[in-house]
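**Student:** coordinates only, sequence not included:
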C-alpha cells in the first residue's frame, strides 16, 4: 500500500498548485506591504488571516483533486441546485454589509454562496453540454436550457446586488458555449442579444452608483472626488510605478490611504506602484502560464465533460484577471472583482482553490485512475 501511495505522489500533477502558490506568494507579500502601516489593526493583520485562508483553500483543493471526475459528473446537478438554495437563503436571511446581501452567517462561519455558484454553474453546464448533441454545432434552440441554468443564479446574484459576480457567471456561460461549438448565425444573434440586454440592464437594472461608475469610466474627469475617485487614484498609483517601481513597502497611495480597497479591488495598483511595469509583467506571465495550463488540460482529456470543466475554470481565472487589471488601469469601469490569488477574501480563495483541485483531479485521472 505504501508503495502504491508513493507511485501516486510521483505521478500526481502538482503544476496547477505550484503556479497558483507562486502567484499567492506575490499576493501575500503585496497584501502585507499595502496594509501593514494601517492604523486599523484589523487591516494591518489581514495578511496573517489571508495566509490561513489560503492554506485552508489549498487543503480543500487537494482533497477535491482525489475525487474522480465520474463522481463530479454524477452530482453536478445536485451541487447546482444546492447552491441555488443557498442563494435564495442569502436573499431571504443573508447578512447585509456595505449595502448588499451577499453572505450567509452560521456562528463563526461566514460564506458567500455567489462565489461557490461560479463552480456550480460550470459543473452543471459541463454535464448538460456533454450529454446533448456533443458532435454537432449548437443553434439558438440548443442554448435555451443552458442559458436559463446560468441566468437564474446570475440574476439572483445581481439582485443582492453583486453585478460583477453575476457577469462572471454569464461570461463563463458564453465561453463554455463558444468552446462547445456554436453556429456562426447563433453567435451573431447572441451578440445582438448581448447589446440589447446590456442597454436594458444599464437603463433599468443597475443601481445609481453602478451607472455613475460607467459615466466616470467614459468621462474620467467628470467626478474625480466622487464616483471617479477610486479609478483616478488607481491610475496615479500605476503611473507612479513607472518601469521598476518604488520598492517593497513604498507605495505612497496605499500608505497614505489615498487608494481605497487596496487589499481587495486595487491590489494590482499597489503592486504596480511598488514593482513597476517589469514586476507586473512577471505577475501577468505567471497568470498566462496558468491559463495555458488549463487550455492544455482541456485538449489533453478525451471526455467532453472534463474538457468543458477545464475551459470553464480557465474562464473564471481569465475573466477575473482581465477585468480586475483592466479596471485598475482605466480600460473598464469599476465592478468590484478580486484579482485571483492576490486580493484578500476567503470565499474567492476557496472558489479558486476548488477550481485548482478539480483541474488537478481531471489531470490526475488521465494517469492514476
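**Tutor:** Ah, there it is. Just so you know, these numbers come straight off a predicted model, no measurement behind them.

**Student:** what is the rounded mean pLDDT of the helix or strand hosting residue 154?
**Tutor:** Element membership of residue 154 [criterion: DSSP states H and E] is helix 144-159. Taken as a whole, helix 144-159 has a mean pLDDT of 94.

**Student:** I'd like the distance from it to the chain centre, please.
**Tutor:** Relative to the centre of its chain, helix 144-159 is centred 17 Å away, using CA atoms, centre = their mean, to the nearest Å.

**Student:** wait, doesn't residue 138 sit right on residue 179?
**Tutor:** No - using CB atoms under 8 Å, residue 138 is not in contact with residue 179, being 10.7 Å away. Any C-beta I mention is one placed from the backbone N, CA and C, and that applies to glycine too.

**Student:** buried stuff in the helix holding residue 154?
**Tutor:** Residues of helix 144-159 classed as buried: 146, 147, 149, 150, 152, 153, 154, 156, 157, 158 (neighbour count, 16 or more other CB atoms under 10 Å).

**Student:** and the spatially closest residue to the fourth one that is not a sequence neighbour, how many neighbours?
**Tutor:** Ranked by CB to CB, 6 or more residues apart in numbering and with sequence neighbours excluded, the top spatial neighbour of residue 150 is residue 173, at 3.7 Å. Here the neighbour count serves as a burial measure; for residue 173 (other CB atoms under 10 Å) it reads 22.

**Student:** which strand or helix spans residue 173?
**Tutor:** Going by DSSP H and E, residue 173 is in helix 163-180.

**Student:** and for residue 324?
**Tutor:** Under the criterion of DSSP H and E, residue 324 resides in helix 304-328.

**Student:** relative to helix 163-180, how tilted is that helix?
**Tutor:** Going by axes from the mean of the first three to the mean of the last three CA atoms, to 10 degrees, helix 304-328 is angled at 140 degrees with respect to helix 163-180.

**Student:** which parts of helix 304-328 are buried?
**Tutor:** Within helix 304-328, the residues that count as buried by 16+ other CB under 10 Å are 304-325, 327-328.

**Student:** and it, how far from the chain's centre?
**Tutor:** For helix 304-328, the distance to the chain centre is 7 Å (CA atoms, centre = their mean).

**Student:** now do that helix, average pLDDT.
**Tutor:** On average, the pLDDT along helix 304-328 is 96.

**Student:** this completes my enquiry, with thanks.
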